[in-house]
Structures are given as structure tokens and as C-alpha cells.
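Visitor: Would you be able to build a 3D model of this:
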Amino acid sequence: MKRFLFLFTIVLNPLFAQDILPLRERAALIDQIQEERIQKLLPQLMEEQDIDLWVMITREYNEDPVVKTLLPPTWLNARRRTILVFSKTKDGVDPVAITRYNFGNNIRSIWDKEKQPDQWKALADYIVSQNPKKIGINSSEHYGIADGLVKTDYEGMMQALPKKYQNRVVSAETLAVRWIETRTPLEMTLFSQLTEITHNIISEAFSTKVITPGATTTEDVVWWLREKVAALGLKTWFHPTVDVQRTGASDLYAFDGQSKFDVIQPGDLVHCDFGITYLTLNTDCQELAYVLKPEETEAPEFLKEALRQGNAVQDALTDNFKKGRSGNETLLMALESSKAAGLRPQIYTHPLGLYGHSAGTTFGMWDAQEGIPGSGEHPLYENTVYAIELNAKVYIEEWKKDVRVMLEEPGYFGPDGFRYVNGRQTNLILIGKKHPHLD
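Guide: Residues are numbered from 1 along each chain as shown. Below you'll find the predicted structure:
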């Protein structure tokens, strides 16, 4: 009952920036998330992929990326050589560890070193006892996240296995990708709250609390973001970027390599790329702000229109999301429909979740608008999350130049179609806006 009440409280109370859980409570919740994934999600995925037994082998400081998603919340790394085995049963999945001790609370150890000193022999004996038809290992050409079995450990396992079982070893690439990309209902509740925290931090960064036009640099804002996240007891999974585009500049500031040194001025279009890690999940957001000039109360209409074009490219992509359709097919359809509408799109949307640049369906890269071999051919599944990352190039007559409307928001694809995890930006953030009660 105590654990149920804990989960009930977490789900019903939104996590705002000021409500970050203490470390001990985070650990308890992560433990429950992992239990749900192992006991409820994994049996479905192993059945879907027709794999009877999944073996993961890793060593301390050289963790298999899939094993990292299973690390107990009180462990920072694997220990010694860690071997995890998930065996499909008629009732679900039996998770075991060929290790000296239990792998946290969810995976029990079955290795008695005093009785069988050889860890490889212990693994082989267990595999034989399960008599699987297909033994999955983490090897992959297209996904680094699914390619975690190193040569040394592969050889150790294969040498210990009887030849009969060596012939049953197959790549678990798709199973690993499905494990990484699939979200549970509890994870989606947390994902919405996590994205709201991200949005709140960006809103604060793009305000006069942080930015003094004419004095604050883009690099100052970058480090404010890092310090803010650290003060909340969170982490960023990549170093944030902040850049500006403005009239009179000859280049697109977001790509000129010098924008981090710019002083933010009235009339600037300011852009950030920022994401955090919390409760095993990651966000990835890009938003835009306009610095009001002293005489202004709103952003210029030409920048509002530019943002609308960016939103239109988002719609062209997500309107084409369909279960079973590949990322490459979706990308081509989105680009064609955008261009037919007079837009100038560039799409580079990626899976998001247990990793920032995660495994799953990929919809282009900034330098590969024709599609991606491998990950771009992966079909779109339900209960998955993507960083809807793209830009629309828009010519601004008033500035006599192109700007890029760069946007990125977490989006969820489920049984009812696509939705943004915590909304998307449809209005520019205004830096220096007056309080509503002032005339």
C-alpha cells in the first residue's frame, strides 16, 4: 500500500521546477519504473521480436548502453563483469544476473561462485537449462546503442556455449531498439512534467531576470542555464547553445560559429537549444524569443509570420506520422508537402527518451535530407517519443536576409496519433514585455 500511495502521489502532483524530487525519492521511483518495464513491457517486446532469451554482458566503466538503462538507481556503473539474462517464460520474462550479487531489486543473482567458479560456464549452463530457440545479443550495424557487446565478451560467451547453442545466437538489434524507444504510461506522465520543467527554465532564461539587452551575452545565458540546472539538482545531457539572428548581419548567426560571443540587443531574434535529464528520461527543446525595442509591445509581424512557417513545417512532418511507415518515407512526404506549400524546410527529427539522441525511427539529418540508411528504415511504432527538430528558412524583407526558424519539441506518437508532450511554441517569447497591469 505504501508503494502504491507513493506512485499515486507522484502521478497526480505535477513536477514544477521547485518540486524536483530528493535523490532518495527519485531512486525509489526509478526502481518502480524499471520493474514495470521489465515485468510488463519486456515480455511484449520479446514476443514481438520472437527472441526467447536475451543476453547482455558488460563491464565496469564500459557499460553496454542497454544495460545502462537497467542500472539500479543506487549504482553509477556496472560491477566487475556483469551478465544479465532475460528468459521468456509462459508467464512473462524471468530476469536473472550471472553475478556475485543481485543486480538491484529487480534482477536476482543466480550465480554461486563457490559451486561454479567459471562465470562463462555458469552462463552457458543457464542458457542450456532454458533451451532457447533464439538467443539475442546486442550487436548492430546501424545503432550504436544496440551494439554494446564487445569482442572480448562475445568470444567468452561463444567459447563456453555448446555448438548447438552457438548456432542459435542472433542479433537483438530490433529488440534493443524497441526497448529503448518504447514508453510506458508512467513514463509518459513523468515526461510531460519533465518537459514542463524544461519549458519553465527556458522561459526564465529568456527574461529580463537573466538578460539585460546591450550587456548580456549569449554565452552568459548558456552558463546561466547550466548553473540553473545544477542548482535544481538536475543535469543537462549536452552543453546548451544560445544564438541570435538580427538585421544588418551578413550571415545566419546560428551557423556562423561566432554567435556565442554576441551581446544580445533590442530587436534580436534569440534562439536556444537546451535539454535536461531527470528520472531516466531526457528532453530536447529549441525555442525562440524576441527582444523588444523600447517603443515596442509586440514582436514584428514578419517574425510572427516566420514562426508560423516553422509551425507549418512541424505540421507537415507530424501529420504524416503513421504506424508502420518508415522515417525515410515520412521525411520524403513531409518535405514534398512543405515545399508544395511554398515553405523551405530542413528536417532532422530524432528519437528521444532514455537517451537524448536515442534509438528508433529517424527522420532525416541536417546533412542527409534524402533519408538515412538503417535507422531511417525503422518503422514508426506506437508509444514512442521524438524530438521534433527542424527549421524553416524564411526571407525577411525588412532585414534583407534569410533567417532560420529553428524549433524542437518532444512529441509523442501513440494509439490515438501524435501529440506534443507538453505543447509547442506558437508565439515568440518576448524579452522585456511589460507586466499586464502596467499601461
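
Visitor: List the contacts of the spatially closest residue to Phe363 that is not a sequence neighbour.
Guide: Leaving aside its chain neighbours, Phe363 sits nearest to Thr349 (4.0 Å; criterion: CB to CB, 6 or more residues apart in numbering). Bear in mind the C-beta positions are built from the backbone N, C-alpha and C, glycine included. For Thr349, the contacting residues are 317, 362-364, 386-390, by CB atoms under 8 Å, 6 or more residues apart in numbering.

Visitor: And Thr349, how close does it get to Tyr355?
Guide: According to CB to CB, to the nearest Å, Thr349 stands 15 Å off from Tyr355.

Visitor: what residue lies at the spatial centre of this protein?
Guide: In the chain, the C-alpha nearest the mean C-alpha coordinate belongs to Leu352, at 2.4 Å (CA atoms, centre = their mean).

Visitor: Tell me, how many residues neighbour the nearest residue to that residue once chain neighbours are set aside?
Guide: In this structure, Leu352 finds its nearest non-sequential neighbour in Ala387, 4.4 Å apart by CB to CB, 6+ apart. Ala387: 25 surrounding residues under other CB atoms under 10 Å.

Visitor: which phi and psi does Ala387 have?
Guide: Taking degrees, to the nearest 10, you get phi -80, psi 100 for the backbone angles of Ala387.

Visitor: ok, what's across the strand from it?
Guide: For Ala387, the beta-bridge partners are His350, Pro410 (DSSP bridges).

Visitor: ok, back up a step: top of the contacts of Thr349 by neighbour count?
Guide: Highest neighbour count within those: Phe363, with 32 neighbours (other CB under 10 Å).

Visitor: how close does it sit to Arg168?
Guide: Distance of Phe363 to Arg168, computed by CB to CB: 35 Å.

Visitor: try Leu335
Guide: Leu335 is 43 Å from Arg168, where distance means CB to CB.

Visitor: neighbour count winner among the two?
Guide: Of the pair Leu335 and Arg168, Leu335 is the one with more neighbours under other CB under 10 Å, namely 22 against 16.

Visitor: which residues touch the more buried one?
Guide: 316, 345, 347, 369.

Visitor: State the distance from Leu354 to Ile145.
Guide: Distance of Leu354 to Ile145, given as CB to CB: 9 Å.

Visitor: Next, show the common contact partners of those two.
Guide: Ile180.

Visitor: Tell me where the stretch 301-439 of the chain has strands.
Guide: Ranges of strands in the stretch 301-439 of the chain, per DSSP state E, counting those that start in this stretch, are 345-347, 350-351, 384-396, 401-414, 417-420, 429-431.

Visitor: Contacts for the fifth one next, please.
Guide: Strand 417-420 has contacts (CB under 8 Å, 6+ apart) with 318, 321, 388, 409-412.

Visitor: Could you list the buried residues of that strand?
Guide: Applying a neighbour-count criterion of 16 or more other CB atoms under 10 Å, one finds 418, 420 buried in strand 417-420.

Visitor: that older thread, what pLDDT does the residue nearest to Phe363 get?
Guide: On pLDDT, Thr349 comes in at 97.

Visitor: heads up, I number from 36, so please use that
Guide: Happy to do that; since the first residue is 36 now, the last one works out to Thr384.

Visitor: Roughly how far does it sit from Asn355?
Guide: Thr384 sits 11 Å away from Asn355, going by CB to CB.

Visitor: Next: Leu463.
Guide: 26 Å.

Visitor: Equivalent analysis for Ile86, please.
Guide: In this view, Ile86 and Asn355 are 31 Å apart by CB to CB.

Visitor: which one of these two has more residues nearby?
Guide: More crowded of Ile86 and Asn355, by other CB under 10 Å: Ile86, with 22 against 19.

Visitor: Surely that one is within a helix?
Guide: No: assessed with DSSP: H, G, I helix; E, B strand; the rest coil, Ile86 is coil; it does not lie in a helix.

Visitor: got the phi/psi numbers for it?
Guide: phi -120, psi 130.

Visitor: Can you tell me the closest non-neighbouring residue to it?
Guide: Gly171 (4.2 Å).

Visitor: At which residues are the strands of the stretch 36-185 of the chain located?
Guide: All strands of the stretch 36-185 of the chain, identified by DSSP E, counting those that start in this stretch, fall at 88-94, 116-124, 127-132, 143-144, 170-172.

Visitor: Just the buried residues of the longest helix belonging to the chain, please?
Guide: What stands out as the longest helix in the chain, according to DSSP state H, is helix 220-240. Residues of helix 220-240 classed as buried: 221-234, 236-237, 240 (neighbour count, 16+ other CB under 10 Å).

Visitor: quick revisit: got JSON lines for the contacts of Leu370, with neighbour count and distance to Glu412 too?
Guide: Shown next, in JSON lines, are these (neighbours: other CB atoms under 10 Å; distance: CB to CB, whole Å):
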{"residue": "Ala351", "neighbour count": "23", "distance to Glu412": "21"}
{"residue": "Pro380", "neighbour count": "25", "distance to Glu412": "21"}
{"residue": "Ile382", "neighbour count": "24", "distance to Glu412": "16"}
{"residue": "Gln404", "neighbour count": "14", "distance to Glu412": "16"}
